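Peer 1: Build me a structure from this.
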Amino acid sequence: MGIRQTLLEIWRDGGIKGLFTGLGPRVGRAGPSVGIVVSFYEVVKYALHHRHEDHY
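Peer 2: Got it, this is the predicted structure:
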């Protein structure tokens, strides 16, 4: 079964709402991990920036 056939079947069974079923829990699960990654990135960026300034 291809992507097109799968989407058509979901559309027939649940309509537009069927295409977004499970989106809330998925976003709720991904949100905290994205927050951790962004926070870690900012901390490392800050540390590297200040480390670079100390050499001059």
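Peer 1: Okay, now the unreliable bits of the chain?
Peer 2: 54-56 (pLDDT under 70).
Peer 1: Centre of the chain to the lengthiest helix in the chain, how far?
Peer 2: The residue-count maximum for a helix in the chain (DSSP state H) belongs to helix 23-54. What separates the centre of helix 23-54 from the centre of its chain is 12 Å, taken as C-alpha atoms, centre = their mean, to the nearest Å.
Peer 1: What of stretch 41-56?
Peer 2: Worked out by C-alpha atoms, centre = their mean, stretch 41-56 lies 27 Å from the chain centre.
Peer 1: Please save the CA atoms from it in PDB.
Peer 2: The C-alpha trace of stretch 41-56 is given here as PDB (Å, rounded to 0.1, in the frame of the first residue of the first chain):
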ATOM      1  CA  TYR A  41      22.500  24.200  22.300                       C
ATOM      2  CA  GLU A  42      22.200  27.600  23.900                       C
ATOM      3  CA  VAL A  43      24.400  26.600  26.900                       C
ATOM      4  CA  VAL A  44      27.100  25.200  24.600                       C
ATOM      5  CA  LYS A  45      26.900  28.200  22.300                       C
ATOM      6  CA  TYR A  46      27.300  30.500  25.300                       C
ATOM      7  CA  ALA A  47      30.200  28.600  26.800                       C
ATOM      8  CA  LEU A  48      32.100  28.400  23.400                       C
ATOM      9  CA  HIS A  49      31.500  32.100  22.800                       C
ATOM     10  CA  HIS A  50      32.900  33.100  26.100                       C
ATOM     11  CA  ARG A  51      35.800  30.600  25.800                       C
ATOM     12  CA  HIS A  52      36.700  32.200  22.500                       C
ATOM     13  CA  GLU A  53      36.600  35.700  24.000                       C
ATOM     14  CA  ASP A  54      39.000  34.700  26.800                       C
ATOM     15  CA  HIS A  55      41.800  33.900  24.300                       C
ATOM     16  CA  TYR A  56      42.000  37.500  23.100                       C
END
